[in-house]
Structures are given as C-alpha cells and as structure tokens.
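>>> return atomic coordinates for the entry below.
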Amino acid sequence: MKIQAASISASISDAEYDDLAYVYVRGHDGYVFSLSRQPDSPLIEVMVQEQINCKTGEVRAKLSATSLHVLVPGYVAEQLSGESEYEVVFAQSGIGNHQIHEALGAIFLGVGSYENAL
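Numbering: from 1, shown residues only. Have a look, this model is predicted:
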C-alpha cells in the first residue's frame, strides 16, 4: 500500500505517552499508519486506519530520503487491513528524515529489522 504523506510526526521518547517512541503518518487521503514501541516492550506496535493495530517483533523497515518502506509478515497483515507492505512517500525529500531516523532507531532497538538508507 502506498501512502502519500501529508504529515509525519516522530519522537524517540514522548513523555506524554510514557516515553513511547513513535513514527506517525497521516496520508493525504486521511489514512493513518504508525509504528511505536514502549521502552520496556519486546514488541513493535503497527497501527493502520487510526485504530487497527497489532504488536509483533517481526517488522522490517527501510528509510530512504524519499520514503519509508515497511514489511510485516502475513499473520500481522491479516490482523491489520490485509496489507503486508507499506510505502510512505514523503511530500519533500529530506523533510524531517533525521528525526524519523532517530525514532525508528529507538523503535527497532533489539527488535525487528531497520535499515537506514539516507
């Protein structure tokens, strides 16, 4: 699924949400996609469509200057919206990439697979 990002927010540790690390994307069509993780959790939460979520340790993500590509296994896709691949396309290259990279580093620390291709 391709998501044209209208807005992206990211944090390595949000004090308002018990130090949650997250990347939150809202598409131009209103579609929501996010990755998040509490510091003491062994699992990453994948959320789509605002409220459908699944926690797993089997998430792969790759960040480039123009997009964030995320893959989830089939059993996770079944619990979400049926999609196993998400491509978040940034409105402008380089916009907030450093903050997104730091948040993804915190989310994937010791869990899943994260590749920084900036």
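>>> do you know how far residue 115 is from residue 108?
To residue 108, residue 115 is 9 Å away according to C-beta to C-beta, to the nearest Å. C-beta coordinates here come from the backbone N, C-alpha and C atoms, glycine included.
>>> settle it for me: which of the two has more neighbours?
More neighbours surround residue 108 than the other of residue 115 and residue 108, with 20 against 12 (other C-beta atoms under 10 Å).
>>> check contacts around the more buried one.
Applying C-beta atoms under 8 Å, 6 or more residues apart in numbering to residue 108 gives the contacts 44, 59, 61, 114.
>>> now for residue 16, how many residues are close by?
By the criterion of other C-beta under 10 Å, residue 16 has 7 neighbours.
>>> try residue 64
14.
>>> residue 43 now?
By other C-beta under 10 Å, 15 other residues sit near residue 43.
>>> quick one: the helices in the protein?
Along the chain, counting by DSSP state H, helices occupy 74-79, 97-107.
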